[in-house]
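**Student:** Okay, structure incoming, though there's no sequence with it:
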């Protein structure tokens, strides 16, 4: 991160709410297509897409050098099943059935990868039909993902190694218009049933989704809190990644507070007779989201200690050569570490003052939230001298 981007990010988060997910609106649903690899920098990406929380598409030039695009794909752009079997044949993989709805998701089973490849071949041979339904493996989607936003409201990117996808994107807040009268999101945002006002009373107030057709080699960036639904238009393999940084960690914290509040509403009638009601709420929230408030604190601690180590000790040549989170943040520069720490201070201060957090047994947390905050602020002050 350069100094101009650091100043821009500092000004943005000073002028806008820390929980703002979409301070700027996309002009007429336009999504930028980034084609010039040589002239596009991380600072450009940070300033133009991470901070305002806007999606974008990177051209296939950005993945030209990836080994997966050479080795996982046949000469005519199809999945290379022989290579994949040789590389991953003995792996046990999670497979979901797109044809079966289980609550707001799909049921999953564990299969040997070679069995899944055999299914995929038969599926293609039978004109994309199977008595087993339409199955997809982990992040290699054969058909469609249900409507969702990414885990913890993280950022994500999805790179097509081969094949084509269609994305339907809704900016943060638009999902509220798609909920049914019970507050549940639809499984499929294209289903005719959404037109039924008795079930989806606010659907007519929603805006049309932003639509993207992603070609082979291209990368789609999905910002925090953007709900989306994805269709594979061809046999497709994609690589996906989720992450959180200083730009969206406050969004993650707001998401967790909303999730806990929803749990508390659901079991409010048991609040008085249940001695450990607040602990049960944390337990239920964790079962739904994968994390509770104490684990969120530890998440912030790991981020903070990583950045503090970079500021205080730097990174030696041997550590820089390793593929570690510390090496990654070091390549982004000291100012990025300072920015992440400043945002972590903001969120950690809010977490420490949160009444539900204070009701938990915090004696097991090391260091204590107060000590970690003190260390954070001291490291920032020293770095900015």
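**Tutor:** Happy to help now that I have it. Quantities reported herein were computed from a predicted structural model and do not represent experimental measurements. Residues are numbered from 1 along each chain as shown.

**Student:** which non-adjacent residue is nearest residue 377?
**Tutor:** Excluding the flanking residues, the one nearest residue 377 by Cβ to Cβ, 6 or more residues apart in numbering is residue 345, at 6.3 Å. No exception for glycine: its C-beta is placed from N, CA and C like everyone else's.

**Student:** ok, the one you found - how many residues close by?
**Tutor:** Number of residues near residue 345 (other Cβ atoms under 10 Å) recorded here: 19.

**Student:** which strands and helices sit next to the one helix or strand it maps to?
**Tutor:** Using DSSP states H and E, residue 345 falls within helix 334-353. Contacts defined by 3 or more Cβ pairs under 8 Å, 6 or more residues apart in numbering; DSSP states H and E place helix 334-353 against helix 3-15, helix 249-266, helix 293-313, helix 325-332, helix 369-383.

**Student:** that older thread, these two touch, right, the residue nearest to residue 377 and residue 375?
**Tutor:** No - at 10.3 Å, residue 345 and residue 375 do not qualify as touching, with contact defined as Cβ atoms under 8 Å.

**Student:** Could you tell me how many residues sit around residue 331?
**Tutor:** Neighbours of residue 331 under the rule other Cβ under 10 Å: 10.

**Student:** how much space between it and residue 42?
**Tutor:** 9 Å (Cβ to Cβ, to the nearest Å).

**Student:** got it, and residue 2?
**Tutor:** 9 Å.

**Student:** do residue 363 as well
**Tutor:** Noted for residue 363: a distance of 40 Å to residue 42, by Cβ to Cβ.

**Student:** packing partners for whichever helix or strand comes after the helix holding residue 345?
**Tutor:** Where DSSP H and E defines the elements, the next helix or strand beyond helix 334-353 is helix 355-358. Contact here means 3+ Cβ pairs under 8 Å, 6+ apart; on that basis helix 355-358 packs against helix 277-289, helix 293-313.

**Student:** Columns mean pLDDT on top of those helices, output as JSON lines?
**Tutor:** Listed next are the helices and strands packed on helix 355-358 as JSON lines, based on pLDDT from 0 to 100:
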{"stretch": "helix 277-289", "mean pLDDT": "93"}
{"stretch": "helix 293-313", "mean pLDDT": "91"}
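
**Student:** count of neighbours near residue 130?
**Tutor:** Count around residue 130 with other Cβ under 10 Å applied: 15.

**Student:** Who are the contact partners of it?
**Tutor:** 119, 122, 123 (Cβ atoms under 8 Å, 6 or more residues apart in numbering).

**Student:** quick one: it from residue 345, how far?
**Tutor:** From residue 130 across to residue 345, the span is 53 Å (Cβ to Cβ).

**Student:** Check residue 52 too.
**Tutor:** 22 Å.

**Student:** Same question for residue 234.
**Tutor:** The value you get for residue 234 to residue 345, if Cβ to Cβ is used, is 46 Å.

**Student:** Could you list the domains of this structure?
**Tutor:** By the assignment in automatic domain parsing, the chain contains the domains 3-243, 249-383.

**Student:** Surely residue 177 and residue 209 touch.
**Tutor:** No - if you go by Cβ under 8 Å, residue 177 and residue 209 don't touch, sitting 11.5 Å apart.

**Student:** between those two, who's got more neighbours?
**Tutor:** residue 209 (21 against 16).

**Student:** need the contact list for that one.
**Tutor:** Contacts of residue 209 (Cβ under 8 Å, 6+ apart): 168, 169, 170, 189, 229.

**Student:** which one is the residue nearest the centre of the chain nearest to, not counting chain neighbours?
**Tutor:** The centroid of the chain falls nearest to residue 154 when counting by Cα atoms, centre = their mean (3.2 Å). Excluding its sequence neighbours, the residue lying closest to residue 154 (Cβ to Cβ, 6+ apart) is residue 242, at 4.3 Å.

**Student:** Wait, a strand at that neighbour?
**Tutor:** Yes - with DSSP: H, G, I helix; E, B strand; the rest coil as the criterion, residue 242 is located in a strand.

**Student:** what's around it, how many residues?
**Tutor:** Applying other Cβ under 10 Å, I find that residue 242 has 14 neighbouring residues.

**Student:** Check what pLDDT it gets.
**Tutor:** pLDDT for residue 242: 89.

**Student:** From residue 169, how far out is it?
**Tutor:** Where residue 169 is concerned, residue 242 sits at a distance of 16 Å (Cβ to Cβ).

**Student:** so how far is residue 256 from residue 233?
**Tutor:** Distance from residue 233 to residue 256, by Cβ to Cβ: 35 Å.

**Student:** higher neighbour count, the two?
**Tutor:** residue 256 (22 against 13).

**Student:** Give the closest residue to the more buried one in space, chain neighbours not counted.
**Tutor:** Distances taken as Cβ to Cβ, 6+ apart put residue 296 closest to residue 256, at 5.9 Å, once the chain neighbours are dropped.

**Student:** Settle this for me: that neighbour is touching residue 253, isn't it.
**Tutor:** Yes - using Cβ under 8 Å, residue 296 is in contact with residue 253, at 7.2 Å.
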